[in-house]
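[1] below is the sequence, then the predicted model.
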Amino acid sequence: MPHERLGVKTSIDSMLSTTSSEFEDDIQHPEWYKNNRAKVFCFNVISAMYAFVLVIVSLVIELSSTWQSRGMSNCYTAFCILMYSISIAFFIHLYLFIIYPQALNYLIEKFTARFEIKIRTFEQPKHDGEGAGTLYLRLGALLFGLFGSVLYGTEIFLCFYDQKRNASWIARYILAVIFTFIQIHFLFCNSKIKLKKTDFLASFGMMHCIAVNLWSWISLCMAKTNYKVLKKAKKSTNYTSNYTTNAYDSYYYDATTEKSLASATFRNDEQEMRVLTKLGSAANFLLTTQVEFSLIAAAVCFIIWKYKGDETHREGRKKMIRFDCKRTTIGIFAGLLIFIASLVCIAMTIIFNKDSQGQSADDVIGYGQLVMFIITGLAVIFALFRMRRLQYRLHSHGEVIDEILLIVGLAGEVIYCCTGLDVYIHEKRNSESPPCLVVIVFTVRIIQVIIQSVFILISSRLRCLNKSSVLAQPGKQTITFMLICNLTLFLFHTYETIESSFGFPTNLSSNYSVLLYVSSPLVVFYRFHSSACLAEIWKVTYSPKQHGHHKIPKVEVHEAA
């Protein structure tokens, strides 16, 4: 009997222990839908899919002849208003409840003191996230956004010009200005905001802003393409009926066509942007800046969404910025010589175009760019050789945002060069005689942008970690020179977007036109962002200070007993 009682007691104890262990296991390892991390991941996946589908739908709408027809004008405008309105509503929520909750907290405190009810106030935000990265990128976003606001503001004014547009179109461009200006302030002042993991509204809001910015990029490029196609159609019609084919008449017609298009009357139901017709080349510049701003804004929103709730501590807002300008004199003045020579090339190109010498203008641009690409390519190789004595770091400053934007700009450069080479092959097969300079320039150019991108990705992780490197600062002169050269190429490519692009004939097929107008803003952006990355390398690489996640852990060495 005692043995039987002992066996029963042992079995009961084992059952109780098994039950308690299963209960503890259920607490430690609950079902996935009860796990907070699983919930956050699930909502992030759903928000990413939402943005993905919205971008695809926007692309189809912009390319669809049905949606771009006059009969669907009101539906298309309603879609635009909806896209902007949701984004603006999200930013209002972001500013009132997350970034600047002081006013709401004040009202809550007054309300609780009056009625003696406990209501939880909103926490103060943290500005130590990844954000827009460098100061130069934020300054670029500020300038590009301001020029983009000028584009939409001029379009609002032209809505009342000649024949007044519908009220829905006016509302669309007003919302575009508001959305752009809110993003300017957000990117410049609050891009390093760190959102909570469980803020699901912020996940969908950031993803919607990404979709709106990518849609703005697509719609502006398509607006430019449609305007060029319309201009080409009017040119061919009028030219066939009024002019004979010779070089002087072709140039004369380009000037008169631009003037006639600028003085054309408008319809209240048209789809085209009136600012492209009235401002011409200046509108192309404003459109390019707005495309670049949309690209930066989309990338920053993605970084904020990706690192939402990241517990890694980064450096907060800086009150002062210092620059060490030692060992930069040679690089500055060598770069200024290149800058002056490039402005002379642009001036000569304008003069040749006015004198109806189009071939001479193309030669000046071609040889000028070829020299620039060769010099900057050799500078990259020399900088790599000089910086071989620096030390490697695992992390780079503003690593994710800079690398994303650099790769996007590089993709634009590669598409642009490959399109130019394909156009050359097409003309060659059609028994035409395009100059061989086009092949040389595009080949050297694609090699230069690839090796420069590799150099930026490598050198962003190099630091001066010993006394000899801090004193010698190897490669700083060359980086200064490359910085000025990329700013010069930024101006050069901006001029190309305003006027005609080198290597591309006037009469392009629709496929080539789309590739050209989509990639040309990315070409300009690549040079701007390369200069921003080089400026950050110039500032951080040679600094002996180590901050935040750039600190290197000390390695302790123990002697054997």
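    That came through, no problem. Numbering: from 1, shown residues only.
[2] just for the protein, where's the confidence low?
    Applying pLDDT under 70 to the chain flags the ranges 1-30, 32-33, 116, 121, 127-133, 232-270, 309-327, 394-399, 431, 544-561.
[3] now do the domain split for it, please.
    For the chain, automatic domain parsing gives the domain ranges 36-227, 327-546.
[4] tell me the spacing between Thr329 and Gly335.
    11 Å (CB to CB, to the nearest Å). C-beta here means a position set from N, CA and C on the backbone, and glycine is covered the same way.
[5] an error on my part: the question was meant for Arg429.
    To Gly335, Arg429 is 41 Å away according to CB to CB.
[6] Thr329 and Gly335: who's more crowded?
    More crowded of Thr329 and Gly335, by other CB atoms under 10 Å: Gly335, with 22 against 11.
[7] with adjacent residues omitted, what lies nearest to the more buried one?
    Excluding its sequence neighbours, the residue lying closest to Gly335 (CB to CB, 6 or more residues apart in numbering) is Ile484, at 2.8 Å.
[8] what's the neighbour count on the one you found?
    Other residues lying near Ile484 total 20 when counted by other CB under 10 Å.
[9] so how far is Leu336 from it?
    Distance of Ile484 to Leu336, given as CB to CB: 7 Å.
[10] next, Glu432: secondary structure please.
    coil (DSSP: H, G, I helix; E, B strand; the rest coil).
[11] and if you look at Leu151?
    Leu151 is classified as helix under three-state DSSP.
[12] that one against Asn284, yeah?
    No: using CB atoms under 8 Å, Leu151 is not in contact with Asn284, being 10.2 Å away.
[13] neighbour count for the two, which is higher?
    Higher neighbour count among Leu151 and Asn284: Leu151, with 25 against 21, using other CB under 10 Å.
[14] quick one: the more buried one from Lys308, how far?
    Distance of Leu151 to Lys308, computed by CB to CB: 31 Å.
[15] distance of the nearest residue to Leu137 once chain neighbours are set aside from Ile479?
    Nearest non-adjacent residue to Leu137, counting by CB to CB, 6+ apart: Ala532, 5.2 Å away. Using CB to CB, one gets 13 Å for the distance from Ala532 to Ile479.
[16] contacting residues for Ser360?
    By CB atoms under 8 Å, 6 or more residues apart in numbering, the residues touching Ser360 are Phe352.
[17] same deal with Thr443?
    Applying CB under 8 Å, 6+ apart, the residues near Thr443 are 417, 421.
[18] could you pull out the strands in this protein for me?
    Along the chain, the stretches classed as strands by DSSP state E are 391-392, 462-463.
[19] comparing the ones you listed, which comes out most buried?
    Highest mean neighbour count among those (mean count of other CB atoms under 10 Å): strand 462-463, with a mean of 22.
[20] which strands and helices sit next to it?
    strand 391-392 (3 or more CB pairs under 8 Å, 6 or more residues apart in numbering; DSSP states H and E).
[21] show residues contacting the strand it packs on.
    Outside of strand 391-392, the residues within contact range by CB under 8 Å, 6+ apart are 461-466, 469.
[22] out of the residues you listed, which are buried?
    When the contacts of strand 391-392 are checked for burial by 16 or more other CB atoms under 10 Å, the buried set is 461-464, 469.
[23] got TSV for the residues you listed, with distance to Ile98 too?
    Shown next, in TSV, are the buried ones among the contacts of strand 391-392 (distance: CB to CB, whole Å):
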residue	distance to Ile98
Arg461	33
Leu462	37
Arg463	35
Cys464	39
Ser469	42
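[24] and those, which is closest to Ile365?
    For the buried ones among the contacts of strand 391-392, the minimum distance to Ile365 (CB to CB) is 35.0 Å, reached by Leu462.
[25] if I look at the closest one, how far off is Lys306?
    25 Å.
[26] what's opposite Lys126 in the beta bridge?
    Following DSSP bridges, Lys126 is listed with bridge partners Lys194.
[27] please renumber so the chain begins at 21
    New numbering, starting at 21: the last item is Lys146.
[28] that one reaches Leu215, doesn't it?
    No: contact criterion CB under 8 Å: Lys146 and Leu215 do not qualify, at 9.3 Å.
[29] who has more neighbours out of those two?
    The neighbour comparison of Lys146 against Leu215 (other CB under 10 Å) goes to Leu215, with 22 against 14.
[30] ramachandran angles for that one?
    As for Leu215, its main-chain torsions (degrees, to the nearest 10) stand at phi -90, psi 160.
[31] residues contacting the closest residue to Ile176 other than its chain neighbours?
    Once flanking residues are discounted, Ile176 sits nearest to Tyr193: 4.8 Å by CB to CB, 6+ apart. If a contact means CB under 8 Å, 6+ apart, then Tyr193 has 172, 175-176, 179 as its contacts.
[32] residues near Gln377, how many?
    Based on other CB under 10 Å, the number of other residues close to Gln377 is 16.
[33] repeat for Pro121
    Look at Pro121: counted by other CB under 10 Å, it has 17 neighbours.
[34] quick one: it and Glu129 touch, right?
    No: when contacts are counted by CB under 8 Å, Pro121 is not listed as touching Glu129 (11.7 Å).
[35] related to what we said a few turns ago, list the residues that contact the residue nearest to Leu157.
    Applying CB under 8 Å, 6+ apart, the residues near Ala552 are 154, 156-157, 160, 422.
[36] what about 10 Å?
    Each residue near Ala552 by CB atoms under 10 Å, 6 or more residues apart in numbering is listed here: 153-160, 418, 422, 425-426, 503, 506-507.
[37] go through those and name the one nearest Ala71.
    Nearest to Ala71 among those: Leu425, at 18.0 Å, using CB to CB.
[38] tell me who's in contact with the closest one.
    Going by CB under 10 Å, 6+ apart, Leu425 touches 152-153, 157, 312, 315-316, 318-320, 418, 545-546, 548-550, 552-553.
[39] so for Leu299, which of the domains of the chain sits nearest?
    Closest among the domains of the chain, using CB to CB: domain 56-247, at 7.0 Å.
[40] end to end, how far does the closest one reach?
    Domain 56-247 has its terminal residues 51 Å apart, counting by CA to CA, to the nearest Å.
[41] with stretch 408-428 instead?
    By CA to CA, the extent of stretch 408-428 from end to end equals 27 Å.
[42] run the chain-centre distance for that stretch.
    How far stretch 408-428 lies from its chain's middle: 17 Å, per CA atoms, centre = their mean, to the nearest Å.
[43] how about stretch 107-115?
    Chain-centre distance of stretch 107-115: 21 Å, with CA atoms, centre = their mean.
[44] residues in contact with that stretch: which ones?
    119-121, 145, 195, 198-199, 202-203, 205-206, 210, 213, 215, 219, 221-222, 224-233, 321.
[45] return stretch 359-368 as CSV; C-alpha atoms alone will do.
    In CSV, the C-alpha atoms belonging to stretch 359-368 read as follows (Å, rounded to 0.1, in the frame of the first residue of the first chain):
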residue,chain,number,x,y,z
PHE,A,359,34.7,74.8,-63.3
ILE,A,360,35.8,77.8,-65.4
ALA,A,361,36.6,75.6,-68.4
SER,A,362,33.1,74.0,-68.2
LEU,A,363,31.4,77.4,-68.1
VAL,A,364,33.3,78.4,-71.2
CYS,A,365,32.1,75.2,-73.0
ILE,A,366,28.5,76.0,-72.1
ALA,A,367,28.9,79.6,-73.3
MET,A,368,30.4,78.4,-76.6
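[46] in stretch 361-379, which residues are buried?
    Using 16+ other CB under 10 Å as the burial criterion, the residues of stretch 361-379 that qualify are 362, 365-366, 368-369, 372-373, 376-378.
[47] now the two most distant members of those residues.
    Among the buried residues of stretch 361-379, Ser362 and Ser376 lie farthest apart (CB to CB), at 23.6 Å.
[48] circling back: who touches both of Thr349 and Gly355?
    497, 500.
[49] please tell me how far Val420 sits from Thr200.
    For Val420, the distance to Thr200 (CB to CB) stands at 24 Å.
[50] and the contacts of stretch 130-140?
    125, 127-129, 141.
[51] again, only this time at 8 Å
    The contact list for stretch 130-140, computed with CB under 8 Å, 6+ apart, reads Ile128.
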